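In: got a sequence here, can you model it:
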Amino acid sequence: MAEKVVVIYSGGMDSFTVLNRARKDGKEVFALSFNYGQRHVKELECASTVCNELAINHKVIDISAINQLLAGSSLTDDIDIPEGHYEADSMKSTVVPNRNMILLSLAVAYAVSVGADQVYYGAHSGDHAIYPDCRPEFVEKMNDVCKIANYESVEIFSPYLSVDKTAILADGIAMGLDYSNTWTCYNGRDKACGKCGACEERLQAFEENDVTDPITYE
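Out: Residues are numbered from 1 along each chain as shown. Okay, here's the model as predicted:
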């Protein structure tokens, strides 16, 4: 019988690769997506489409009520999305206070309830500059806590923690993945903007892998 794992699945290209990495590892995947009051639900729609196509157990949990506690982020408030690279100081406005600690805690609770030993989480090195809750020290400490927070020990597993989006995409290409059902842009318009930090990093990853991004841009 395959080992059960919970995958935090936003619908973006990183978590899409993580989802398929778990499947490639022979795991029985329980995908978990969150509506936490983000600006748009395009990623969640992509996540649902993929899970339906792959017949993966998928829950989309509405925790948008917590939005009133997470003020000050351009991803959840009426604040303009900054343009430019993730290294730019302006990208700090996209930090959602304590988001990943909240999501990981819920994912671990779900893991305990379904008998899963791991939570797969898509943090990577490209996020380290701006997002404290994607850095190795955060993942390490959360892992320590989650191993003792319940009678059942749950491991936080971040397969791409030490590599960037280019390497993540390379692994996805090697697995033969189709990225047309992923959404990365911070804006929720019909087409990706191509200018926000998320788009710039995605486009750079495709360019460095000599592959054309299958989604359309403005």
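
In: what's the single longest strand in this structure?
Out: Counting by DSSP state E, the longest strand found in the chain is strand 28-35.

In: averaged pLDDT, that strand. What do you get?
Out: The average pLDDT within strand 28-35 is 96.

In: helix or strand right after that strand?
Out: Where DSSP states H and E defines the elements, the next helix or strand beyond strand 28-35 is helix 42-54.

In: now do the top helix by length along the chain and strand 28-35, the angle between them.
Out: Secondary structure of the chain per DSSP state H: the longest helix is helix 99-114. Helix 99-114 runs at 140 degrees relative to strand 28-35, counting by axes from the mean of the first three to the mean of the last three C-alpha atoms, to 10 degrees.

In: sketch out the helices for the protein, chain order is fine.
Out: Under DSSP H, the chain gives helices at 13-24, 42-54, 99-114, 136-146, 165-174, 197-208.

In: what comes up buried for the longest helix of the chain?
Out: By neighbour count with 16 or more other C-beta atoms under 10 Å, helix 99-114 contains the buried residues R99, N100, I102, L103, L104, S105, L106, A107, V108, Y110, A111, V112. For the C-beta atoms, the positions are set from N, CA and C on the backbone; glycine is no exception.

In: where in the chain is pLDDT low?
Out: Within the chain, the stretches with pLDDT under 70 are 39, 70-96, 126-129.

In: let's see 50
Out: Along the chain, segments meeting pLDDT under 50 span 72-77, 79-82, 86, 90, 93, 128.

In: out of the helices of the chain, nearest to Q68?
Out: helix 99-114 (13.5 Å; C-beta to C-beta).

In: need the contact partners of the closest one.
Out: 4-6, 8, 30, 32, 34, 36, 59, 61, 63, 66, 70, 116-119, 121, 123, 131, 133-134, 138, 142, 146, 149-150, 152, 154, 156 (C-beta atoms under 8 Å, 6 or more residues apart in numbering).

In: 7 Å instead?
Out: If you take C-beta atoms under 7 Å, 6 or more residues apart in numbering as the criterion, helix 99-114 is touched by 4, 6, 8, 30, 32, 34, 36, 70, 119, 121, 133-134, 142, 146, 149-150, 152, 154, 156.

In: flag every buried residue along the longest strand of the chain.
Out: In strand 28-35, counting by 16+ other C-beta under 10 Å, buried: E28, V29, F30, A31, L32, S33, F34.

In: nearest to N52, of these?
Out: A31 (10.7 Å).
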